[in-house]
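> Just need the structure, nothing else, for what follows:
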Amino acid sequence: MNHTQLERMATERFGLSPVAPVRPVRAGNINRTAVIETEDGSFVLQEMNISVFPFPSALMSNTLKIIERQREHSLPALSFLQTTSGEWLAELDGTPWRCYRFVEGGATPDILTPEDAQRTARAFGRFAKAIDGLDLVEHVEGYHDFDQRVGVLEFVVDADELDRVQACAQFVDDLLSVIDRLRLTSGYKAWKRVPVRNSHNDAKGPNCIVDLAGNLTVIDLDTTMPGTVLADIGELVRSSTRHLPDAGPEQLWAQIQAVNRGFVAGFVDDLTDTEREAMLLAGPLMAVENAVRFLADHLSGDKYYGAESPNQNLDRAIVQYELGRRLVGAIEWATTS
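Okay, here's the model as predicted:
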């Protein structure tokens, strides 16, 4: 990241007057981000990774509609800055960048208790309710299409272009076996029939900022588009249990219930019967989907998430797979005891 170029872009394209050097921020796996400090407060400069989000204009159109709807519903929202020529994106070396006012506060800490899980889920439920019915574009096709994700994994396993399959063959077989079992459940059959709704698609603590007044601001709207709110519920379950490696089924079940209660309350208890039927599957399915994506990236050469070590994405996949199994165990414990 060329700091001089970013400072020039902040000044010339977004009309900012930096009073300190650009501060890179290490956040997320996809976009590069930096903070610009000015006398009028701090602003975030963020690259839009076009290899992941190939339609930046459509993405920004969605984002602006979402922010307007958040404000109509009295929800805290990001505030984007236009360029000096009245646009929402500025280009640097062929890559679009955007700028928004920094939200003073901090990301939601690791969710470790049912109370924290319920509060965060309620914020995302309120967000989902506010944008329900909004005319958004699906700018990344099939983002949480489980069958499509599995199809990609099966393709890269068969291709094995980097000769990595043999070293993790048993894990590949175990993961595909779990996928087969999930697809046979009544919850998965219901999942395939749920209505299309706008959803955040990356609902987790780090994407919910607690501002100085204690309000929760849902951020990182890049993946917000038509899908299913069950993906949000599942991601909240996954992210509220992944930091509890020693938790037994009772504690995991408490987290699952807390997420479901919080989201349903925020969504004003407006889920369909089909969505309710599939809701318990959401956590395990999102954990397994993450395992599928990490493994596919490992076998493809770590092109999407990147990796700091040869097996980092394989290790990530194994962690998500184990979490999915533990969540299934918790659900079975609760529903059969």
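
> wait, doesn't residue 298 sit right on residue 311?
Yes - using Cβ atoms under 8 Å, residue 298 makes contact with residue 311 at a distance of 7.2 Å. From N, CA and C alone the C-beta is placed, and that goes for glycine too.

> So for the two, which sits in the more crowded spot?
Between residue 298 and residue 311, residue 298 has the larger neighbour count (other Cβ atoms under 10 Å), namely 25 against 15.

> what about the closest residue in space to the more buried one that isn't next to it in sequence, distance to residue 268?
Distances taken as Cβ to Cβ, 6 or more residues apart in numbering place residue 313 nearest to residue 298, at 3.8 Å, with adjacent residues excluded. Between residue 313 and residue 268 the distance, using Cβ to Cβ, to the nearest Å, works out to 39 Å.

> on that earlier part again, same for the strand or helix carrying the residue nearest to residue 298, what does it pack against?
Counting by DSSP states H and E, the element that carries residue 313 is helix 312-336. Using 3 or more Cβ pairs under 8 Å, 6 or more residues apart in numbering; DSSP states H and E as the contact test, the elements touching helix 312-336 are helix 169-183, helix 229-241, helix 249-266, helix 282-300.

> Now do the buried residues in that helix.
Applying a neighbour-count criterion of 16 or more other Cβ atoms under 10 Å, one finds 312-314, 316-321, 323-328, 330-331, 334 buried in helix 312-336.

> do the same with stretch 64-71
So for stretch 64-71, counting by 16+ other Cβ under 10 Å, buried means 65-67, 69-70.

> likewise stretch 192-206?
Buried residues in stretch 192-206, counted by 16+ other Cβ under 10 Å: 194, 197-206.

> Can you tell me which of those is closest to residue 134?
residue 198 (5.6 Å; Cβ to Cβ).

> Run through the bridge partners of that closest one.
Going by DSSP bridges, residue 198 is paired in beta bridges with residue 226.

> most neighbours per residue, which of the helices and strands packed on helix 312-336?
helix 229-241 (a mean of 28; mean count of other Cβ atoms under 10 Å).

> for that one, what is the average pLDDT?
The average pLDDT for helix 229-241 rounds to 97.

> try stretch 106-115
Stretch 106-115 shows a mean pLDDT of 85.

> where exactly do the helices run in the stretch 1-150 of the chain?
In the stretch 1-150 of the chain, the segments counted as helices under DSSP state H, counting those that start in this stretch are 3-12, 56-72, 114-131, 146-159.

> Okay, domains of the chain per the record?
Listed by automatic domain parsing, the domain ranges of the chain are 3-102, 114-336.

> separation between residue 51 and residue 207?
For residue 51, the distance to residue 207 (Cβ to Cβ) stands at 21 Å.

> okay, these two: which has more neighbours?
Neighbour tally, residue 51 and residue 207, criterion other Cβ under 10 Å: the higher count belongs to residue 207, 24 against 9.
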